[in-house]
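Q: would you be able to build a 3D model of this:
(chains A, B, C and D)
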Number of protein chains: 4
Amino acid sequence: MTLRVTIWNENIHERQKDSVPAKIYPAGMHGAIKNLLETELKDQVVVQTATLDEPEHGLTAERLAQTDVLMWWGHEAHPRVSDEVVQRVYDAVLGGMGLIVLHSAHYSKIFKKLMGTTCSLRWRSSKDRECVWNVNPTHPITQGLPDPIVIPLQEMYGEYFDIPTPDELIFISSFTGGEVFRSGATWKRGLGKVFYFSPGDQDYPVYHQKEIGKVLANAAVWAKPVVRTEPIDATFHADGWFEKN
Amino acid sequence: MTLRVTIWNENIHERQKDSVPAKIYPAGMHGAIKNLLETELKDQVVVQTATLDEPEHGLTAERLAQTDVLMWWGHEAHPRVSDEVVQRVYDAVLGGMGLIVLHSAHYSKIFKKLMGTTCSLRWRSSKDRECVWNVNPTHPITQGLPDPIVIPLQEMYGEYFDIPTPDELIFISSFTGGEVFRSGATWKRGLGKVFYFSPGDQDYPVYHQKEIGKVLANAAVWAKPVVRTEPIDATFHADGWFEKN
Amino acid sequence: MTLRVTIWNENIHERQKDSVPAKIYPAGMHGAIKNLLETELKDQVVVQTATLDEPEHGLTAERLAQTDVLMWWGHEAHPRVSDEVVQRVYDAVLGGMGLIVLHSAHYSKIFKKLMGTTCSLRWRSSKDRECVWNVNPTHPITQGLPDPIVIPLQEMYGEYFDIPTPDELIFISSFTGGEVFRSGATWKRGLGKVFYFSPGDQDYPVYHQKEIGKVLANAAVWAKPVVRTEPIDATFHADGWFEKN
Amino acid sequence: MTLRVTIWNENIHERQKDSVPAKIYPAGMHGAIKNLLETELKDQVVVQTATLDEPEHGLTAERLAQTDVLMWWGHEAHPRVSDEVVQRVYDAVLGGMGLIVLHSAHYSKIFKKLMGTTCSLRWRSSKDRECVWNVNPTHPITQGLPDPIVIPLQEMYGEYFDIPTPDELIFISSFTGGEVFRSGATWKRGLGKVFYFSPGDQDYPVYHQKEIGKVLANAAVWAKPVVRTEPIDATFHADGWFEKN
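A: Modelled structure (predicted):
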């Protein structure tokens, strides 16, 4: 069955005239990620995009109901994302929708709400080389990849990364400066799967790199709902002894 | 050093005239829990209580700053707890304060906010016997206890309990009806430790039972802050290579 | 691609003339399990069996090389399984072969060797009813099952079960006597996946129950190798900086 | 109560005349580690040492019974350690004794037996700088330490490190070459606690570094038995319903 992915991007850096991101990503980072996914997954995937400026940020109830896996890139505009849309995405994840959180979206409302921590980290934009090492060689997300994935230029994200203990640790990165980072990790939340993947700063062409596309394609396939229900948040009253129900 | 515990209770059931909880807990459940802790920990502990009806629910910034470990019992009044106080408690936990969440507080705003899930479960109030089995025999919370702890009459709480994978699973309960429940579990959130412990319905004298007091005393000692800071939620900019800072 | 499963059974109880197991399992427990798997997976699976009395217990290097997933039932004859065969199975698991460990095989040499613990537990054969509750509703092993699975008559296996913390807890059982047990759990070991599933005593017709077949079929599909290599146990010398290799 | 630590060292490199380790560690690595522990823990600790050449490698049943926490350094002589002594140490760990496994002892018989994996890794001895980053800031093992701990010269140990998922991930290291390593991790095995800590190659003065002493002292205090019993490996027969026992 075709996998339905929606890529959400705040789409701000790329539209700033003559900015570095505008040059690297003329079609927006969502456009570049769409291209990566279609290259890897071909007709197994249907990719749509949504951005901050669309009505309801492009994430209507109808759209979410038609989305198996949502990818999220945000940075400057975290506070501008409406709480109502965040709640809607949250309910969808708990009801089974997959969520892939990218780079600076560690600080998005939706990721913090799902994690229950500050999600703070250490950073420096100094053209570090990032090496992404695979610490989970039988996980579906790591199949078909070189080890390490080398990203020639990237912003540094370093520990301490204030997240709950991951259910599965997938990647650990090092940076030129000697820092390390848990750059790929998964959590279950309700019926949904969440994957955080840190590579992808707006100032470097990370989303034009084929290996990154492979990671994101693997993650999308992995995050596909096993069970999908309406958003539920209701304690179940067992009226009688279970064997008589 | 003396451990400073604050017990928060919505204190509603116990004040309903002629109600079962009023008879079982004339001093409120917070009063009974206070008594359990003082019996177990004697002069190692100073226990204070706070309730819904106090200004700011008794949980001012000053009070939280003077609290090592907060215990939380709530049920009917979850929606009446102010979001501002919940945020304050949340910040304190992420800054290191211990939190022990009791019984129907699985559905409290603070627990759901820290977990990032619905925290829904199955229940039935039919005078089940609950057996609380120890699945972590070297954990500090389980020391000095019979195995199982038998609670003659209790509300049934059953799986599926929609929580994130616990960092540590401590207790599993069975009930007369054949149901099971992860009745004791821990999570780290930021710099704080969280323990959920399900026994303790308002209609049964669970908080008069000595073994339950032992669990709560052990948990309070365990949850004591290792590090305690101001509430922080700020990503750290590394201005330069770390070795030159 | 067809899944190749080998079911290993010590095949002792069932051959004791006029014994209860002989009546319940005239084709052996391995025969009953084979039937369950073929009923569920049809032409997606090719099932072979192997028993203690065969040369090399039926588990030659060739057989293991042709096995994606090995199921293991043992009880009385644990000490009679040769250390050489155990080492061979161990190497195969670390090299990617799936392993599903059944009931009293908690005490098999291979399970103890993979776990690094005693794997001891509490037990009583008193015709308990076992209720197997699903605590991981999005795990592939739990799809398509009633919750709970009710086994009318079973041996009781109870906590404390001396195992390492599972990577994933899948099922928790309760018994008539009030005991609980982590009856389904997974671990990764090297490149292989391990699933322990406790239902299946020789004195009760558990392996004639359709739901048990569904669990075992799901587990076999789940445990299929992602990566399969020769048994390796060699630290890798990096002769130079990795980027020049 | 005084903590009783035994440091076991194969003590081979340091006795090779004019070798680098002989110059760095004239009293042996066990001597240097003893000094580190006594400096940190003073009269809270009594440290003894044991080496390969002593009868029963210095690890008699009596000695183990008097040991709360055992530290283990080995490299060249792993195969020369007797299986009987390994079994004795294994039984002691499962019965509650703490075990701290150092550097190249990732490949010791005792560590592999407790882990159930190959424990293989990537390595290169090229005078890398190792930065040891704290990813568990409230864990007792990480208290009172700089972050990162910088080791000016060290052998590189890199991923993939073939270990079971740690119960707790404590440290992640980076190396000059860009590699990363889970350099500090804990597991429970039976009633015992196990900590693996990778810094400490024989060719560099790592065990003269004060911060390393702090880690080892913290780990020794953490690994102290909570419960200590005779080695047990016996399934418990519950003769009747538990409430009648």
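
Q: what parts of chain A come near chain C?
A: Residues of chain A lying close to chain C by Cβ under 8 Å from any Cβ of the partner chain are A:96, A:131, A:137-140, A:143, A:148, A:150, A:188, A:191, A:193, A:226-227, A:242-243. For glycine as for every other residue, the C-beta is placed from the backbone atoms N, C-alpha and C.

Q: within reach of chain D, which of those are there?
A: Near chain D, by the rule Cβ under 8 Å from any Cβ, you find A:131, A:137, A:148 out of the residues of chain A next to chain C.

Q: out of these, which are buried?
A: By neighbour count, with 16 or more other Cβ atoms under 10 Å in any protein chain shown, these hold A:131, A:137, A:148 as buried.

Q: orientation of whichever strand or helix holds the first one relative to strand D:122-134 in degrees?
A: Residue A:131 is part of strand A:122-134, with elements assigned from DSSP states H and E. In this structure, strand A:122-134 runs at an angle of 150 degrees to strand D:122-134, with axes from the mean of the first three to the mean of the last three Cα atoms, to 10 degrees as the basis.

Q: okay, buried residues for strand A:122-134 please.
A: When burial is assessed from 16+ other Cβ under 10 Å, strand A:122-134 yields the following buried residues: A:122, A:123, A:124, A:126, A:128, A:129, A:130, A:131, A:132, A:133, A:134.

Q: what's the neighbour count on residue A:110?
A: Neighbour count of residue A:110, defined by other Cβ atoms under 10 Å in any protein chain shown: 24.

Q: then the helix or strand encompassing it to CSV, C-alphas only?
A: Per DSSP H and E, residue A:110 falls inside helix A:109-115. Extracted C-alpha coordinates of helix A:109-115, given in CSV (Å, rounded to 0.1, in the frame of the first residue of the first chain):
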residue,chain,number,x,y,z
LYS,A,109,6.0,22.8,20.3
ILE,A,110,5.0,19.3,19.1
PHE,A,111,8.3,17.6,20.0
LYS,A,112,8.5,19.2,23.5
LYS,A,113,4.8,18.2,24.1
LEU,A,114,5.5,14.6,23.2
MET,A,115,8.7,14.4,25.1
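
Q: elements contacting it?
A: Judged by 3 or more Cβ pairs under 8 Å, 6 or more residues apart in numbering or on different chains; DSSP states H and E, the packing partners of helix A:109-115 are helix A:83-94, strand A:98-102, strand A:180-189, strand A:192-197.

Q: can you put those in TSV and add mean neighbour count and mean pLDDT?
A: Shown next, in TSV, are those (neighbours: other Cβ atoms under 10 Å in any protein chain shown; pLDDT from 0 to 100):
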stretch	mean neighbour count	mean pLDDT
helix A:83-94	20	97
strand A:98-102	26	98
strand A:180-189	24	98
strand A:192-197	26	98
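
Q: redo these as a markdown table? Include distance to residue D:48.
A: Formatted as a markdown table, the helices and strands packed on helix A:109-115 follow (distance: least, Cβ to Cβ, whole Å):
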| stretch | distance to residue D:48 |
| --- | --- |
| helix A:83-94 | 54 |
| strand A:98-102 | 51 |
| strand A:180-189 | 36 |
| strand A:192-197 | 46 |
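
Q: and residue A:207, how far from chain C?
A: Look at residue A:207 and chain C: by Cβ to the nearest Cβ, to the nearest Å, they are 22 Å apart.

Q: can you give me the pLDDT of that residue?
A: Residue A:207 carries a pLDDT value of 98.

Q: re earlier: how far off centre is the helix holding residue A:110?
A: Mean-position distance between helix A:109-115 and its chain equals 12 Å (Cα atoms, centre = their mean, to the nearest Å).

Q: quick one: residues in contact with it.
A: Under the contact criterion Cβ atoms under 8 Å, 6 or more residues apart in numbering or on different chains, helix A:109-115 has outside partners A:72, A:78, A:81, A:83, A:86, A:89-90, A:93, A:99, A:101, A:105, A:118-119, A:163-164, A:187, A:189, A:194, A:196, B:116.

Q: and that helix, what's buried?
A: The neighbour-count check on helix A:109-115 (16+ other Cβ under 10 Å) flags A:109, A:110, A:111, A:112, A:113, A:114, A:115 as buried.

Q: quick one, helices of chain A?
A: Counting by DSSP state H, one finds helices in chain A at the ranges A:20-24, A:28-41, A:61-65, A:83-94, A:109-115, A:210-223.

Q: okay, the first one in PDB with CA atoms only?
A: Extracted as PDB, the C-alpha positions of helix A:20-24 are listed here (Å, rounded to 0.1, in the frame of the first residue of the first chain):
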ATOM      1  CA  VAL A  20      22.200  31.200   2.100                       C
ATOM      2  CA  PRO A  21      19.200  28.900   2.500                       C
ATOM      3  CA  ALA A  22      17.500  30.600  -0.500                       C
ATOM      4  CA  LYS A  23      20.400  29.600  -2.700                       C
ATOM      5  CA  ILE A  24      20.700  26.100  -1.400                       C
END
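
Q: what helices or strands is that helix leaning on?
A: Secondary elements touching helix A:20-24 (3+ Cβ pairs under 8 Å, 6+ apart): none.

Q: for that helix, buried residues please.
A: A:21, A:24.

Q: let me see the mean pLDDT of it.
A: On average, the pLDDT along helix A:20-24 is 96.

Q: ok, residue A:16 - how many residues close by?
A: By other Cβ under 10 Å, neighbour count at residue A:16 equals 12.

Q: with residue A:66 instead?
A: Residue A:66: 12 surrounding residues under other Cβ under 10 Å.

Q: skipping adjacent residues, who's closest to it in space?
A: Spatially, and ignoring its direct neighbours in sequence, residue A:66 is nearest to residue A:4 (6.0 Å; Cβ to Cβ, 6 or more residues apart in numbering or on different chains).

Q: check residue A:209 too.
A: residue A:151 (6.7 Å).

Q: for that neighbour, what are its contacts?
A: If you count contacts by Cβ under 8 Å, 6+ apart, residue A:151 has them with A:129, A:130, A:131, A:132, A:199, A:204, A:206, A:209, A:212.

Q: so what's it bridging to?
A: Per DSSP bridges, the residues bridged to residue A:151 are residue A:130.

Q: pLDDT wise, what is it at?
A: Residue A:151 is assigned a predicted lDDT (pLDDT) of 96.

Q: same question, the one 4 residues further on
A: Listed pLDDT for residue A:155 reads 94.

Q: the closest residue to residue A:146 other than its chain neighbours: how many residues sit nearby?
A: Once flanking residues are discounted, residue A:146 sits nearest to residue A:211: 6.3 Å by Cβ to Cβ, 6+ apart. As a burial measure, residue A:211 scores 18 neighbours (other Cβ under 10 Å).
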